[in-house]
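Trainee: This is a predicted model, with the sequence first.
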Protein chains: 2
Amino acid sequence: MPSINIGLIGLGTVGCGVVKTLQKNQASIKEQTGLDLNLKKIADIDLERERPVNVPKEMLTANVNDILDDPEIDVVIELIGGYSPAKEFVLKAVENGKFVVTANKALIAKHGLEILEAARKNNVDVYFEAAVGGGIPLLLPMGLSLSANRIESIYGILNGTCNYILTKMTKEGKSFETALKEAQEKGFAEADPALDINGSDSMHKLVILASLANRCFFNEKDVFVEGIEDISQKDIQYANELGYCIKLLAIAKFEKEQLSLRVHPTMVPKEHMLSKVENEVNAVFLRGDIVGDLLFSGKGAGMMPTASAVVADLINVAQDISNELKQNVRLIGFEGGKKIKTLSIDEIESRYYLRIEAQDKPGVLAKFSEALGGFGISISSVIQTEDPETKTVPVVITTHRAKESAVKKAIEKIEALDSINGKVKLIRIADL
Amino acid sequence: MPSINIGLIGLGTVGCGVVKTLQKNQASIKEQTGLDLNLKKIADIDLERERPVNVPKEMLTANVNDILDDPEIDVVIELIGGYSPAKEFVLKAVENGKFVVTANKALIAKHGLEILEAARKNNVDVYFEAAVGGGIPLLLPMGLSLSANRIESIYGILNGTCNYILTKMTKEGKSFETALKEAQEKGFAEADPALDINGSDSMHKLVILASLANRCFFNEKDVFVEGIEDISQKDIQYANELGYCIKLLAIAKFEKEQLSLRVHPTMVPKEHMLSKVENEVNAVFLRGDIVGDLLFSGKGAGMMPTASAVVADLINVAQDISNELKQNVRLIGFEGGKKIKTLSIDEIESRYYLRIEAQDKPGVLAKFSEALGGFGISISSVIQTEDPETKTVPVVITTHRAKESAVKKAIEKIEALDSINGKVKLIRIADL
C-alpha cells in the first residue's frame, strides 16, 4: 500500500477543515482506495493562534521551505490564497517535482496557464477543484463527464456572500447593509467583503470554469464585472412583481461563435431552479449541445465543503502517483481547444430591466418609449406607479431582446431629459 | 495521436445518439483530448429499420462476433439493454481484452461485481456512467469528487417517466392513466412501461449508486420497492394541501451504521429543491459527512443526454488506453468499503401520511388516534373533510417519526374497524 506524504501550507479555515477531514476519514479512505494519506508537515506564519483542530506540535513549522524542500513530501496543498507568495510556493513545489492541490481561485484565474505548463514540464499535476464552487463537483465533471459536449452556456451562482445578501433582501425585505452585516456575522463574508460584493470573486471562478469548459485560457480582462452594491430594495421588489429574483450570475455564453463572459446582477425567472438556490448555497446551471441542461448545487464555501474538494483532489493525485501516471493535467487543463474570441459587454444581446425615476409630468412615458424605439428597442412591459415619499414617478420598463450598445444609447438619451431624476438603473434579464 | 477503434452493439435510440454525437463532435474531441475515436463497426439484429442517423452500409453487421472477435477493436459499447445476451457479450468483450462502455443498469445492478471482477482479471475497464441519471454526471463525481466523504443519504428522482406522470398529476390535475399515456406519446415511457411505473428501473439505478457510494455491492433484494401505480389524484391534492409534492424517490440512507435502501412514492416538502425537479428531469440530492448537501439534476434519459454520458465514458476509456492505464475500475468500483448491513423496510423510521376512507360515524377519529397511540405513534396533523360523492369521510393523518413496523400494526388495527372502507393508504414523508 503506497503511502503519500503531504505538506500543507496555510492552516486557516479550509486548512483546518482538511486536517479534520483526514483525521475523521483517513482510515476509510485507506480502506476504500488503498491509499495511505500521511499529513507530514504544516506551515503557517502564525503557530500560536487557537484553532478548531488538534495538531501535534512537531508537525507545525513557520518555514515553508521545510515543506517545499523536503524530498519525502509528494504533494503540497496550498491554502494561503492570493497571488503572492502563493504563486512562488506553487511554482517551487512543482519545480521540486511535487504534485500540488490548491483552492486558490485568484491564483489559477490569473496564472493558471503558466502553472499548468510548469507542472507539465516537471511531470506533475496541479488540481484545483476547490477553487470553484467549494464542495460542489464541477471542474472534474466538466473535464471528464461532459467532454462529449460543447458547453453552450454556463450560469453560475458562485459567491455565497452575494447570494446570502440577495436572498435576505428578497425573502425578508432587509436592506443591503443589514444583510451584508448578517453575512459577515455568520462568517460567509470576509471581514473586507469587497471582493465578494464587487463581483471579483465570481469573476475568478468564471475564468476558471469557462477556460476548462472550452480548453482555452481566458483572461480576467475578458470578463465584464458588475457587483451587487447598487441593488436596492426597490429593484428587488419590482423584480418580484415582474416574476423574477435578482441573483449575481457569472455567465459564459456563446453567441454564435463568440463567447460572452460576464458577472452581473441578473433577473432570473422565479420558476427557474437557479431562483431556488438560496442563502450561501452556490449553483452552476449549464447547457451542453449534447446533454442539454444540467444543474449542480451545494455549499460553495466554508471549512468542510471546501475541504471535501481539497481532499478529493488529494486522493486523485495520490491515485495518479501510485499509478505512476503523470501529466494527467490535460484532463482538467486549459489547452487543446480552439482560440475563442470573446464579446465585449456592448456587443451582447439581452433583455433589460430599466428603472427610471421620472418627474410626474404629462408625456414622460412617451418620451422614454420614443428614446427606446429610436434605437430599435421594443418594450415588453411597463410598471408606472407613484412614490408619495419622493414625489417622483418610478417607471419600470422591461425590454425584448436588444443589443446592449443600443440600450446604452437610449439610456443616454433618457438621462438627458429634464423630466427624470438621477441615473437610469439597468439590470439584465437572463435568457435561460 | 492514438486512434481508438470502437465497436457498437445495439443501434437503438441511444446507439443512434452516440453515432450522432461522434459525427457532430468527433473533430473537437480530437482537438481537445488528442484522441481519435474511430467508430469501426456497429452490430444490430435489425439492419433494415429507418434510423435518424446516416451510417455507411459496410459499417453495419448482424453478427456481433464481427465486433467481439475483431482484434483491432479496442472498446465495445453495449447498448442492447437487459440481462441476456448483454451479459454474455460484455463478458466476451472483456475476455478478449476489450474495454467496455455500457448504459445497461439492469445488467450492472445484477452482475456488476462479476463483470468488474472479470474486467480486473483481464486488465481492462468497464464504465457505466450512462446507466444512472442519463446525462447527469453522477458515478464519476461520486467516485472521484466525493471520495473524502461518507455518503450519509441519497435521495434520487431516477425515473423520468414516473416524474413526468407525477408532475402532470400535480400541476395539471391529470389522472394517472392520462399522464402515463402522454408520457408514452412523448417517448419517455417504454411501450411496456411496467419497469418504470413499478419502481424496478429506479431500483436498478439505486443499487448502482449506493454500491459505488459505499464501495460495497448491494443486491436487488436489499431494496424495498413500491411503484406509483396506486397514487391517486386524491393523494396528490392532500399532499399539496399539507405542503408536499409526491415524488418517486430512490433512497439510500444510513440509520446509524445500517443502510436503508428503498424506492417508493414519497412526500417531499414543496420548498425543497427536489420538488422543483419536474417532468422528465432526474435529480440526485445527497448528503456527505464533509461536503454537506449537494444536488445534481438534468435529463435522465433520451437519445442525446444518454449519449453524452456514453461518449464521455468512451473518452475516459480512450484516455486510459492511451495512458496504458489499466484496472482503473477501482476508481468507480464496488469494492474496498466495509460490508454494510441493510435495513428491512419494517425496521426504518419515517414520518407517514395515512389516508383512511372512514364512514361518517361519531368517534371514528378517536378510534384511529387510539390505534396509533397504542403503538406509540404520535399524530402531527389531521385533515377530515366530507366527500359528498362517496358518502365517506376521508381522514388524512400525518404522523411524527415512528417505526414502520409500529405503523403497520396500527394500520392493521384500523383496517379491522368496521367504520372504514377499503385499505388505509400509506405514503412515507421524506426527512430531507
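Mentor: Thanks, I have it. Numbers count the residues shown, from 1 in each chain, chains lettered A, B, ... in the order given.
Trainee: how near is residue A:146 to chain B?
Mentor: Between residue A:146 and chain B the distance, using C-beta to the nearest C-beta, to the nearest Å, works out to 7 Å. From N, CA and C alone the C-beta is placed, and that goes for glycine too.
Trainee: pretty sure that residue contacts residue B:312?
Mentor: Yes. Counting by C-beta atoms under 8 Å, residue B:312 is a contact partner of residue A:146 at 6.5 Å.
Trainee: Which one's more surrounded, those two?
Mentor: Legend: neighbour count by other C-beta atoms under 10 Å in any protein chain shown for residue A:146 and residue B:312, higher for residue B:312 (29 against 23).
Trainee: Per the annotation, how does chain A divide into domains?
Mentor: According to the domain assignment given by automatic domain parsing, chain A is divided into the following structural domains: A:3-134+A:303-332, A:139-298, A:348-429.
Trainee: Make CSV out of those and add mean pLDDT.
Mentor: Rendered in CSV, the data for the domains of chain A read as follows (pLDDT from 0 to 100):
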stretch, mean pLDDT
domain A:3-134+A:303-332, 93
domain A:139-298, 95
domain A:348-429, 93
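Trainee: Pull the contacting residues for residue A:171.
Mentor: Residue A:171 is in contact with residue A:278, counting by C-beta atoms under 8 Å, 6 or more residues apart in numbering or on different chains.
Trainee: re earlier: out of the domains of chain A, which is closest to residue B:361?
Mentor: Among these, domain A:139-298 comes nearest to residue B:361, with 44.4 Å by C-beta to C-beta.
Trainee: Identify whichever of the domains of chain A lies nearest to residue B:272.
Mentor: Residue B:272 lies closest, by C-beta to C-beta, to one member of those: domain A:139-298, at 8.9 Å.
Trainee: distance between the ends of stretch A:45-52?
Mentor: Start to finish, the residues bounding stretch A:45-52 are 17 Å apart (C-alpha to C-alpha, to the nearest Å).
Trainee: what's residue A:38 in contact with, if anything?
Mentor: So residue A:38 contacts A:3, A:4, A:5, A:6 (C-beta under 8 Å, 6+ apart).
Trainee: does it have beta-bridge partners, and which?
Mentor: residue A:5 (DSSP bridges).
Trainee: Would you mind measuring from it to chain B?
Mentor: According to C-beta to the nearest C-beta, residue A:38 stands 15 Å off from chain B.
Trainee: quick one, what contacts residue A:337?
Mentor: Residue A:337 makes contacts with A:214, A:215, A:216, B:28, B:31, B:32, as judged by C-beta under 8 Å, 6+ apart.
Trainee: returning to what we had before: by neighbours, which of the contacts of residue A:38 wins?
Mentor: residue A:6 (24 neighbours).
Trainee: Do I have it right that it meets residue A:42?
Mentor: No. No contact is recorded between residue A:6 and residue A:42 when judged using C-beta under 8 Å, the distance being 9.3 Å.
Trainee: Can you get me a residue count around residue A:412?
Mentor: The burial metric for residue A:412, expressed as a neighbour count using other C-beta under 10 Å, is 12.
Trainee: That one sits in which helix or strand?
Mentor: Secondary structure here is read from DSSP states H and E; on that basis residue A:412 sits in helix A:404-415.
Trainee: circling back: distance to residue B:89 for the domains of chain A - can I get that in TSV?
Mentor: As requested, the domains of chain A are exported to TSV (distance: least, C-beta to C-beta, whole Å):
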stretch	distance to residue B:89
domain A:3-134+A:303-332	29
domain A:139-298	23
domain A:348-429	50
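Trainee: now for those, which one comes closest to residue B:380?
Mentor: Smallest distance to residue B:380 across those (C-beta to C-beta): 25.1 Å, for domain A:139-298.
Trainee: Tell me the residues of the stretch 251-400 of chain A that contact chain B?
Mentor: Contact residues, the stretch 251-400 of chain A versus chain B (C-beta under 8 Å from any C-beta of the partner chain): A:273, A:276-277, A:288-299, A:304-305, A:307-309, A:311-312, A:314-316, A:319, A:323, A:325, A:330-331, A:336-338.
Trainee: Go through the residues you listed and flag which are in strands.
Mentor: Counting by DSSP state E, the members of these that fall within strands are A:288, A:292, A:293, A:294, A:295, A:296, A:297, A:298, A:299.
Trainee: gap between residue A:132 and residue A:208?
Mentor: Computed with C-beta to C-beta, to the nearest Å, the distance linking residue A:132 and residue A:208 is 5 Å.
Trainee: Common neighbours of those two, please.
Mentor: Looking at what touches both residue A:132 and residue A:208 (by C-beta under 8 Å, 6+ apart), the common residues are A:105, A:139.
Trainee: neighbour count winner among those two?
Mentor: Between residue A:132 and residue A:208, counted using other C-beta under 10 Å, residue A:132 has the larger neighbour count: 29 against 25.
Trainee: ok, the closest residue in space to the more buried one that isn't next to it in sequence - how many residues close by?
Mentor: Ranked by C-beta to C-beta, 6 or more residues apart in numbering or on different chains and with sequence neighbours excluded, the top spatial neighbour of residue A:132 is residue A:205, at 4.4 Å. The number of residues packed around residue A:205, counting by other C-beta under 10 Å, is 27.
Trainee: Much appreciated, bye for now.
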